[in-house]
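Asks: need coordinates for the following:
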Amino acid sequence: MQELFNIFVKSIFVDNMVFAYFLGMCSYLAVSKTVETSFGLGLAVVFVLGITVPVDYLLNFYVLQPGALAWLNPGFVDIDLSFLSFIVFISVIASMVQLVEMVVEKFSPALYASLGIFLPLIAVNCAILGGSLFMQEREYQSLAQATSFGLGSGVGFFLAIVGIAAIREKIRYSNVPGPLRGLGITFIITGLMGIAFMSFLGIKL
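Replies: Next up, the predicted model:
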């Protein structure tokens, strides 16, 4: 249990998708104009990462990696389908995003309208694919570890996008120099937040 908690906390603060790897910046910058829309998109990302990473772990463990098909037939032990990883991972992500889009459209039409094109664009959000690829690269040993990593990565993205949205709402009434208004000041604040998150590198997990 301690190991799962460590993976969860580390994926939020130390290996934050936005501030450590700068993944998912397109939706991070475009949707973070208001806290309301950022909150909705952040929850959607948590859900998608929390589902796709463990599903991709199972597919990688039982189908894709070298020798994974040995459980099906001992004669398949030499088969290596790892070259299909990108296609399989993206297919799973697209399926989950489609599910999220239908649920949001049905139960929260206002949020669906606010998110606009950026909701289906979660399917090509590199933070989502990055979660599955990091899971594969780090070779987690159990489904629970992969799930903890996926949920933690989603929560990290959620904190990042809601945090920058709250700051952008405040600085809207500040005396920001003309050339820096909009994305300029947002990039600067993101860099400062990234530096702040680097302080978590000292945590021993």
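
Asks: alpha carbons only for contacts and neighbour counts from here, please
Replies: Noted.

Asks: where does this protein have its least confident helix or strand?
Replies: Ranked by mean pLDDT, DSSP states H and E, the weakest helix or strand in the chain is helix 109-115, scoring a mean of 80.

Asks: measure stretch 25-42 end to end?
Replies: End-to-end span of stretch 25-42 (C-alpha to C-alpha, to the nearest Å): 13 Å.

Asks: picking that back up, distance between the next helix or strand after the least confident helix or strand of the chain and the chain's centre?
Replies: Using DSSP states H and E, the helix or strand that follows helix 109-115 in sequence is helix 126-138. When C-alpha coordinates are averaged (C-alpha atoms, centre = their mean, to the nearest Å), helix 126-138 and its chain have centres 9 Å apart.

Asks: which intervals of this protein have sub-threshold pLDDT?
Replies: 203-205 (pLDDT under 70).

Asks: all strands for it, in order.
Replies: Shown for the chain, no strands are assigned by DSSP state E.

Asks: identify the residues contacting Leu129.
Replies: 89-90, 93 (C-alpha atoms under 8 Å, 6 or more residues apart in numbering).

Asks: residue boundaries of the helices in the protein?
Replies: Here the chain has its helices, by DSSP state H, at 2-9, 25-31, 35-59, 85-107, 109-115, 126-138, 143-171, 183-197.

Asks: buried stuff in the longest one?
Replies: Going back to what we said before, that points to helix 143-171. 143, 145-168 (16 or more other C-alpha atoms under 10 Å).

Asks: ok, the fourth one next?
Replies: Buried positions in helix 85-107, judged by neighbour count with 16+ other C-alpha under 10 Å: 85, 88-90, 92-94, 96-97, 100-101, 104.

Asks: looking at those, spot the one nearest Val77.
Replies: Ranked by distance to Val77 (C-alpha to C-alpha), the buried residues of helix 85-107 are led by Ser85 at 17.8 Å.

Asks: and the residue nearest to that closest one when sequence neighbours are not counted, how many neighbours?
Replies: Nearest residue to Ser85, sequence neighbours excluded (C-alpha to C-alpha, 6 or more residues apart in numbering): Leu64, at 6.7 Å. Close neighbours of Leu64, defined as other C-alpha atoms under 10 Å, add up to 21.

Asks: right, and Leu64 touches Asp80 too?
Replies: Yes: with contact defined as C-alpha atoms under 8 Å, Leu64 counts as touching Asp80 (6.6 Å).

Asks: what residues are up against the residue nearest to Ser85?
Replies: Contacts of Leu64 by C-alpha under 8 Å, 6+ apart are 80-85.

Asks: could you redo the last one with a cut-off of 7 Å?
Replies: By C-alpha atoms under 7 Å, 6 or more residues apart in numbering, the contact list for Leu64 reads 80-82, 85.

Asks: how much space separates it from Ile117?
Replies: 32 Å.

Asks: again, but for Met198
Replies: To Ile117, Met198 is 32 Å away according to C-alpha to C-alpha.

Asks: before we move on, what about Arg172?
Replies: On the measure of C-alpha to C-alpha, Arg172 and Ile117 end up 24 Å apart.
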